[in-house]
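Engineer: pasting the sequence and the predicted coordinates here, then a few questions.
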Amino acid sequence: MIPSLIDLGAILPELVIVGAACLLLVLDPITPTSKKDLLAWMSLGALLVCVVLTIGDLHHRVLAFSDLVVIDPYAAFWKLLLYLISGLTILLSMTYLKEEKIDLAEYYGFILLSLAGMMIMVSGADLLTIYLGIELMSIALYIMAGFKRFEAKSIESSAKYFILGSFSSGILLYGISLLYGVSGSTKLTDIAQAVNARGFDDPLVLIATMLLIVGFGFKVSAVPFHMWTPDVYQGAPTSVTAFMAVASKAASFAAFLRVLLEGFGGVKPNWQGLILLICLVTIVLGNLVAIVQTNLKRMLAYSSIAHAGYALIGVVVAGSVDNGDPIASRGVSSIMLYLAIYSFMTMGAFAIIGILRRGGLEGEELDDFTGLAKRHKGAAFLMMVFMVSLAGIPPTAGFMGKFYLFMAAVNAGMAWLAIIGLIFAAISAFYYLRVVMVMYMREPSATQEHDTRLAFSPTTSVVLACALAGVVFLGIFPGPLVSVTTSAVLALP
Amino acid sequence: MTDMVMPSGGFPWLTLVIFLPIVGVGAIFLAKEAAARQVALAFSGLVLLASLPLWVFFDNASAGMQFVERYVWIASPPINYSIGIDGISMPLVLLTTFLTPLCILVSWTAIETRVREFMISLLVMETATIGVFCALDFVLFYVFWETMLIPMYLLIGVWGGPNRVYAAIKFFLYTLAGSILLLVAILVLFFQGGHTFDILSLSQADYAPSLQALLFWAFFAAFAVKVPMFPFHTWLPDAHVEAPTAGSIILASVLLKMGTYGFLRFSLPMLPDATELFTPAMMTLSVIAIIYGAYMALAQADLKKLIAYSSVSHMGFVTLGIFAFNAQGIEGAILQMVNHGITTGALFMCVGIIYERTHSRQISDNAGLATPMPQYATFLVIFALSSVGLPGMNSFVGEFLVLIGAFVWSKFAATLASLGIILAAAYILYMLQRVVYGTPSEQMAPKLVDLNVREFGMMVPLVVLVFWIGLYPKPLLDVMHASVDRLVHRQAQVMTVKQGTRDSRDGLLSTRPRLEPLTLMSHTP
């Protein structure tokens, strides 16, 4: 099949990103080390072009490549979010890579390739398209996790992620092949028809659904498929960790929701209970294990697991009533809002960890934050805002995210789920506030006292300002984002 | 709903009062560290001035909300920036604006490190607490309610005593855990009460009794922790002992009132059936708090702990008055909320002043202050006697009204509660005997310097209030009458309607005698 111009037009943003990535890889060897920043600015430029191209998609729906790819407001929302995250990651990396002395400029190319994979994921209307997207995203991330190639932890992180990731991809693929057997197609619409025809409790469909849930559960790091998360997050370079924790999670949730609702929306009882179970154990385990962590990156890894659990509340609720019902979309839109807010606060927290990294100091252990308020008022204050937001306390955005999720839960008649979620949100406040406590209520040690330099730079300041603005503005005026998410979600059938 | 809202007459006084402290935060941020105190004092003074029109222009005859402002905040779901005050909240707003400058003054020399952050925390607290008292939208209320946690956590944890970290996190987790069910209750009310977060509309909706019962306990979890009611009081002594003086004052005088205010604003009007049903339980807990708090206070060797437990006892009177649910009880309770704010705030101030000199809060270390510090001792005695409820002083009026209200509900409960006053006399006089009339220890004697001008100046307005409310409470009671009447009459109406529909069970709901609003103390010239 020769792609038509309309088809190519539909995936223009993807083409721009892939083109830019290839260009970066070519330019890299001929760029002198001192000018590597140029490559970063180039990738930012590509992102800006894509923002312009995508923003128009917020209002219409196009199917391309014989229904393999769908361009709809839902995909456009996620793409815009992913551009933002990628942009912030690139800005953060510019300083961080210098501190870490990583001068492999394929880095930016890989970020863009990974982003292209995520964009394909959120636009996929066909399981194989989505699978291709997942693989493109993951392979780039496997490599990026090992970018600190002289450090055993980074290599371990990369290898572990690769092995477990491939394993989960295999499971996903197995589920897809079973569905092909059921429906004779990999398109979500065909699968939906075949699945609905077979009705509830069809063993083959059940097994296939479970396999898909396991595969996606791994990608969003839901318990019990979360084992890789802490090690990978800890070992990977901080900027890459931020990218994984935020972007890959958002993209995976986007694809997960589309597959569940568009493909299996007719047979919700098949998966709703399982998702509910996963949601509960994820919230419980993520929060409880985070309490005992002393490494901040590990703590944030478990916190990201817990937040995946909260977002899963939205998935459960989205599945509790018929499609097209406003309540169903409320579940979906609350996930979109939650993950957008989560992106800001998590990005901010990782950015602070990133700028603490200088010379010999890792800046990752909780002890490295001791008395930070005495040494760097600004950094400590920002970290406090991000921690408070992660704990979900108003007037920060974290509260609004949780508010809409729990509201969707109560609306679906699951007030008990909201209560459990809130209890564990209160428990999570303990470990988030411990960071505040260490920064504000402990005196810095003698060596730390004189240690006043931070890896601040104009680019990291932009990242922090952006994250702070997002956390504060969305906490006080979530209205605009709420209306974007509600209008973007209605496109889901 | 419209009949409950009175237009503010244009100028947004309430918004000004709520957010002026935040402007102050910005100013402190820009000012030099050394000027932080002056800027904070100036802004809190401005807030106090800006809050005076709230009283001057307050219409005592109206039972509805006044100074109302309403703007759409979030379109979907409909959350409004909707604020207003009535006779229940206005005194509490003024109490807050009045005490904040005093808190800044009391910290003038006591806080030496990170002054700027300290003042910022105090001003953010002021915004959050005033916001709680003014919010007419449940989500707005909850946002202010929770916002207050962070600055208070920092006040205790950064500037507190040796065990401050433990006390701060205990305070934080206790109150946060209490609020969990409140948030769920708010969401449930939204879907059951007509898809609105408007507090006045929600107060007029009718909820099934079984739902009311669940919501009542959800509210109770949040408010009882804040009050704190027995057995949820254990965070309070820790927080008070470790907090800096200003933190203790804010905590005791304003923060605890948020709990009792919550009962008055939400539990009573929204859940009349459940309130009726659980009144015995609430009255029992109140009486236990009164006696238990007083008993614990008797045994304390630490001045702050003693006052903290006396707070538990005094707040027991407030909840006793609220759940007696008649005009006297509730007016007494509101008055007692204000009184407790003044008296306990003043007592914590006294402890702070002596702590700055001797660096000890132990009664044994601070004995015999009458001779070296006569002015200080005089003020201490005044406030201590006010705390006991000596006639002619503020607490007497409040406790008297509360006891009348409680007496109507149950003579037995009122009798037990009056034991609390006797115990209060015991622990306060025992404390005074040692602190004022003992002999100062050798090493402390040189440190005992009498009040300076700033400290004297802080005490005077409090003394004026103690006697003013004690001798002539009419202006304050007049403010409350209309709003309290409305609350009590609505309950009476609801119960009458209920009785009409289930006349076979009339014995159950009509046991509570109703009193007309009190005319004895306020309407006679």
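Structural biologist: Yes, it's here.
Engineer: just for chain B, where's the confidence low?
Structural biologist: Within chain B, the ranges that satisfy pLDDT under 70 run B:1-9, B:498-525.
Engineer: residues from it in reach of chain A?
Structural biologist: Counting by CB under 8 Å from any CB of the partner chain, the positions of chain B adjacent to chain A are B:73-77, B:114, B:117, B:139, B:142-143, B:146-147, B:149-150, B:153-154, B:157-158, B:164-165, B:168-169, B:172-173, B:176-177, B:180-181, B:183-184, B:187-188, B:190-191. Bear in mind the C-beta positions are built from the backbone N, C-alpha and C, glycine included.
Engineer: just the buried ones from those residues?
Structural biologist: B:73-74, B:77, B:114, B:117, B:139, B:142-143, B:146-147, B:149-150, B:153-154, B:157-158, B:164-165, B:168-169, B:172-173, B:176-177, B:180-181, B:183-184, B:187-188, B:190 (16 or more other CB atoms under 10 Å in any protein chain shown).
Engineer: now the strands for chain A?
Structural biologist: Applying DSSP state E to chain A gives strands spanning A:62-64, A:69-71.
Engineer: what do you get for chain B?
Structural biologist: Secondary structure of chain B, counting by DSSP E: strands at B:5-7, B:65-74, B:79-85.
Engineer: follow-up on the earlier one: what about the residues of chain B next to chain A, which are in helices?
Structural biologist: Of the residues of chain B next to chain A, the ones assigned to helices by DSSP state H are B:117, B:139, B:142-143, B:146-147, B:149-150, B:153-154, B:157-158, B:164-165, B:168-169, B:172-173, B:176-177, B:180-181, B:183-184, B:187-188, B:190-191.
Engineer: what segments of the stretch 301-450 of chain A are helices?
Structural biologist: A:326-356, A:372-375, A:377-390, A:397-411, A:415-441, A:446-449 (DSSP state H, counting those that start in this stretch).
Engineer: quick one: those as JSON lines, columns for mean neighbour count, distance to chain B and mean pLDDT too.
Structural biologist: As requested, the helices of the stretch 301-450 of chain A are exported to JSON lines (neighbours: other CB atoms under 10 Å in any protein chain shown; distance: least, CB to the nearest CB, whole Å; pLDDT from 0 to 100):
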{"stretch": "helix A:326-356", "mean neighbour count": "26", "distance to chain B": "9", "mean pLDDT": "87"}
{"stretch": "helix A:372-375", "mean neighbour count": "22", "distance to chain B": "8", "mean pLDDT": "83"}
{"stretch": "helix A:377-390", "mean neighbour count": "23", "distance to chain B": "6", "mean pLDDT": "92"}
{"stretch": "helix A:397-411", "mean neighbour count": "27", "distance to chain B": "4", "mean pLDDT": "91"}
{"stretch": "helix A:415-441", "mean neighbour count": "22", "distance to chain B": "4", "mean pLDDT": "91"}
{"stretch": "helix A:446-449", "mean neighbour count": "11", "distance to chain B": "14", "mean pLDDT": "69"}
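Engineer: tabulate those (a markdown table), appending distance to B:K32.
Structural biologist: Shown next, in a markdown table, are those (distance: least, CB to CB, whole Å):
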| stretch | distance to B:K32 |
| --- | --- |
| helix A:326-356 | 26 |
| helix A:372-375 | 18 |
| helix A:377-390 | 14 |
| helix A:397-411 | 32 |
| helix A:415-441 | 21 |
| helix A:446-449 | 23 |
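Engineer: with respect to A:L127, which of the ones you listed lies nearest?
Structural biologist: A:L127 lies closest to helix A:326-356 among those, at 19.4 Å (CB to CB).
Engineer: still on that earlier bit, could you single out the most deeply buried of the strands of chain B?
Structural biologist: With neighbours defined by mean count of other CB atoms under 10 Å in any protein chain shown, none of these is more surrounded on average than strand B:79-85, at a mean of 23.
Engineer: which elements pack onto that strand?
Structural biologist: Under the contact definition 3 or more CB pairs under 8 Å, 6 or more residues apart in numbering or on different chains; DSSP states H and E, strand B:79-85 sits against helix B:13-30, strand B:65-74, helix B:115-134, helix B:138-147.
Engineer: other SSEs contacting the helix ranked longest in chain B?
Structural biologist: Longest helix of chain B, by residue count under DSSP H: helix B:327-358. Contacts defined by 3+ CB pairs under 8 Å, 6+ apart place helix B:327-358 against helix B:90-106, helix B:245-250, helix B:256-262, helix B:303-324, helix B:374-388, helix B:394-409, helix B:453-471, helix B:474-501.
Engineer: need the ones you listed in CSV with mean neighbour count, can you?
Structural biologist: Below are these laid out as CSV (neighbours: other CB atoms under 10 Å in any protein chain shown):
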stretch, mean neighbour count
helix B:90-106, 24
helix B:245-250, 29
helix B:256-262, 24
helix B:303-324, 28
helix B:374-388, 21
helix B:394-409, 25
helix B:453-471, 17
helix B:474-501, 18
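Engineer: in a markdown table, list these along with distance to B:G293.
Structural biologist: Formatted as a markdown table, the helices and strands packed on helix B:327-358 follow (distance: least, CB to CB, whole Å):
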| stretch | distance to B:G293 |
| --- | --- |
| helix B:90-106 | 21 |
| helix B:245-250 | 16 |
| helix B:256-262 | 12 |
| helix B:303-324 | 3 |
| helix B:374-388 | 12 |
| helix B:394-409 | 14 |
| helix B:453-471 | 21 |
| helix B:474-501 | 25 |
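Engineer: quick check: the residue lying closest to A:S185 once chain neighbours are set aside vs A:V316, distance?
Structural biologist: The shortest distance from A:S185 to any non-neighbouring residue, by CB to CB, 6 or more residues apart in numbering or on different chains, is to A:I191 (6.6 Å). To A:V316, A:I191 is 21 Å away according to CB to CB, to the nearest Å.
Engineer: the strands of chain B: which one's closest to B:M495?
Structural biologist: So among those, strand B:65-74 is nearest, using CB to CB, at 24.1 Å.
Engineer: partners of that closest one, with directions?
Structural biologist: strand B:5-7 (parallel), strand B:79-85 (antiparallel) (DSSP bridges).
Engineer: how far does the last one sit from the chain's center?
Structural biologist: To tie it back to what came earlier, the one meant is strand B:79-85. 21 Å (CA atoms, centre = their mean, to the nearest Å).
Engineer: hmm, A:L84 is touching A:A247, no?
Structural biologist: No - applying CB atoms under 8 Å as the test, A:L84 and A:A247 come out as separate, 9.4 Å apart.
Engineer: what about the two, which has more around it?
Structural biologist: A:A247 (27 against 20; other CB atoms under 10 Å in any protein chain shown).
Engineer: the more buried one - nearest residue in space that isn't next to it in sequence?
Structural biologist: A:I85 (4.4 Å).
Engineer: next up, the contacts around the one you found.
Structural biologist: A:F243, A:V246, A:A247, A:A250, A:S343, A:M347 (CB atoms under 8 Å, 6 or more residues apart in numbering or on different chains).
Engineer: now do the buried residues in stretch B:110-118.
Structural biologist: B:I111, B:R114, B:V115, B:R116, B:E117, B:F118.
Engineer: could you tell me the end-to-end distance of that stretch?
Structural biologist: Stretch B:110-118 has an end-to-end distance of 11 Å (CA to CA, to the nearest Å).
Engineer: who's in contact with it?
Structural biologist: Contacts of stretch B:110-118 (CB under 8 Å, 6+ apart): A:373, B:28-29, B:31, B:33, B:36-37, B:107, B:154-155, B:158-159, B:244-246, B:352, B:355-356.
Engineer: what subset of the residues you listed is buried?
Structural biologist: Neighbour-count burial (16+ other CB under 10 Å) is assigned, among the contacts of stretch B:110-118, to A:373, B:28, B:31, B:36-37, B:107, B:154-155, B:158-159, B:244-246, B:352, B:355-356.
Engineer: much appreciated, bye for now.
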